[in-house]
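Asker: Would you be able to build a 3D model of this:
(one chain, ligands or ions: 1)
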Amino acid sequence: MDDCIFCRIVRGELPSDKVLETDEVLAFKDIRPQAPVHVLLIPKKHIPSAHHVTEEDAALVGQLHLAAQRVAEQLGIAGTGYRLVTNIGTHGQQTVHHLHYHLIGGRQLQWPPG
Ligand code: DGP
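Answerer: Residues are numbered from 1 along each chain as shown. As a prediction, the model looks like this:
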């Protein structure tokens, strides 16, 4: 989408600190990190949220999960663990309406998130 921030990052119109890129998926550091490791994983295809995923996106969502594993290994937090979370809509506090997973780790996280 023309005015979607993450689509603009995919197109290279906005800068990002990339940690992994494939034909379908991009991972880059969150601009407001909540932990020592805070990476966003997105499909290059514009999907508004996880609630908008369709049957035809099933393989793409799988690619996002595999990319998350690779990023966690790459950044050295696979052994200690991490959190993979996606916010949906207003109550979920989604602020960017392009499907993304937050990969957060590098410290002990708390639960419940609030
Ligand atoms: P959410 O609230 O789940 O929609 O998370 C959106 C995240 O995106 C939030 O943690 C901040 C991050 N973010 C917003 N704009 C940018 C940007 O231009 N670059 C990067 N790297 N992250 C961004």
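
Asker: show me where this structure has strands.
Answerer: Using DSSP state E, the strands found in the chain span residues 18-21, 25-29, 37-43, 82-85, 101-105.

Asker: can I get these in CSV with mean neighbour count?
Answerer: Any C-beta I mention is one placed from the backbone N, CA and C, and that applies to glycine too. What follows is these, written out as CSV (neighbours: other Cβ atoms under 10 Å):
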stretch, mean neighbour count
strand 18-21, 15
strand 25-29, 21
strand 37-43, 23
strand 82-85, 17
strand 101-105, 22
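
Asker: do you know which of the ones you listed lies nearest Gly92?
Answerer: Nearest to Gly92, of all those, is strand 82-85, at 9.5 Å by Cβ to Cβ.

Asker: Who are the packing partners of the closest one?
Answerer: Using 3 or more Cβ pairs under 8 Å, 6 or more residues apart in numbering; DSSP states H and E as the contact definition, the elements that strand 82-85 packs against are helix 58-74, strand 101-105.

Asker: any idea how far the closest residue to Tyr82 other than its chain neighbours is from Glu13?
Answerer: Closest residue to Tyr82 apart from its sequence neighbours, by Cβ to Cβ, 6 or more residues apart in numbering: Gly105 at 3.1 Å. To Glu13, Gly105 is 29 Å away according to Cβ to Cβ, to the nearest Å.

Asker: what's the answer for Asp2, then?
Answerer: With distances taken as Cβ to Cβ, Asp2 is found 10 Å from Glu13.

Asker: Quick one: residues contacting the residue most central in space within the chain.
Answerer: In the chain, the C-alpha closest to the average C-alpha coordinate belongs to Leu41, at a distance of 2.5 Å (Cα atoms, centre = their mean). For Leu41, the contacting residues are Val25, Leu26, Ala27, Leu64, Ala67, Ala68, Val71, His100, Tyr101, Leu103, by Cβ atoms under 8 Å, 6 or more residues apart in numbering.

Asker: ok, the first one touching Val61?
Answerer: No. In this structure Val25 lies outside contact range of Val61 using Cβ atoms under 8 Å: 10.1 Å.

Asker: so what's in contact with these two at the same time?
Answerer: Contact criterion Cβ under 8 Å, 6+ apart; residues shared by Val25 and Val61: Pro43.
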